[in-house]
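K.L.:
Pasted the sequence and its predicted model underneath.
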Amino acid sequence: QVQLVESGGGLVQAGGSLRLSCTASEHRFSPNQAWFRQAPGKERELVARFTVAGTTDYRDSVKGRFIISRDIDKNIQYLQMNSLKPEDTAVYYCAQYYTGGAYSTPGSWRYWGQGTQVTVSS
């Protein structure tokens, strides 16, 4: 059982930046890694992910502002969030081990972090 622990959330003004980290309890590299977010009253949505080929994919609303990266040796994944907007406010979750189905479906991912709150004030 892999445990994922996120850190780096907080309160920031619009236009600011935050960097989220997700550390895995086991040093077992998963090529498929992702960040999701869930705002109050909304469904959990895919924000960014690494493909099995190592390329990256982003939802349209964060393209050009968010960057997903990782340290393979340490099995840590990151989400650099720049030019933050109030609509980015949500609990952010890291996910690993894609099990099949649509990448955007939370049920397609086996391991999840506990979530970290990101609040962007206007």
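P.N.:
Great, that's in hand.
K.L.:
all strands for this protein, in order.
P.N.:
With strands called from DSSP state E, the chain shows them at 4-7, 10-13, 18-24, 33-38, 45-50, 56-58, 66-71, 76-81, 90-98, 109-112, 116-121.
K.L.:
could those go into CSV alongside mean pLDDT?
P.N.:
Below are the strands of the chain laid out as CSV (pLDDT from 0 to 100):
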stretch, mean pLDDT
strand 4-7, 94
strand 10-13, 98
strand 18-24, 96
strand 33-38, 97
strand 45-50, 97
strand 56-58, 97
strand 66-71, 96
strand 76-81, 96
strand 90-98, 96
strand 109-112, 95
strand 116-121, 98
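K.L.:
So what's the residue count around Thr55?
P.N.:
Applying other Cβ atoms under 10 Å, we find 8 residues neighbouring Thr55. (Each C-beta comes from the backbone N, C-alpha and C, glycine too.)
K.L.:
now do Ile76
P.N.:
Neighbours around Ile76, by other Cβ under 10 Å: 16.
K.L.:
Ser25 is in contact with that one, correct?
P.N.:
No - counting by Cβ atoms under 8 Å, Ile76 stays clear of Ser25, with 11.5 Å between them.
K.L.:
any idea which of the strands of the chain is most buried?
P.N.:
strand 33-38 (a mean of 24; mean count of other Cβ atoms under 10 Å).
K.L.:
what helices or strands is that strand leaning on?
P.N.:
strand 18-24, strand 45-50, strand 66-71, strand 76-81, strand 90-98 (3 or more Cβ pairs under 8 Å, 6 or more residues apart in numbering; DSSP states H and E).
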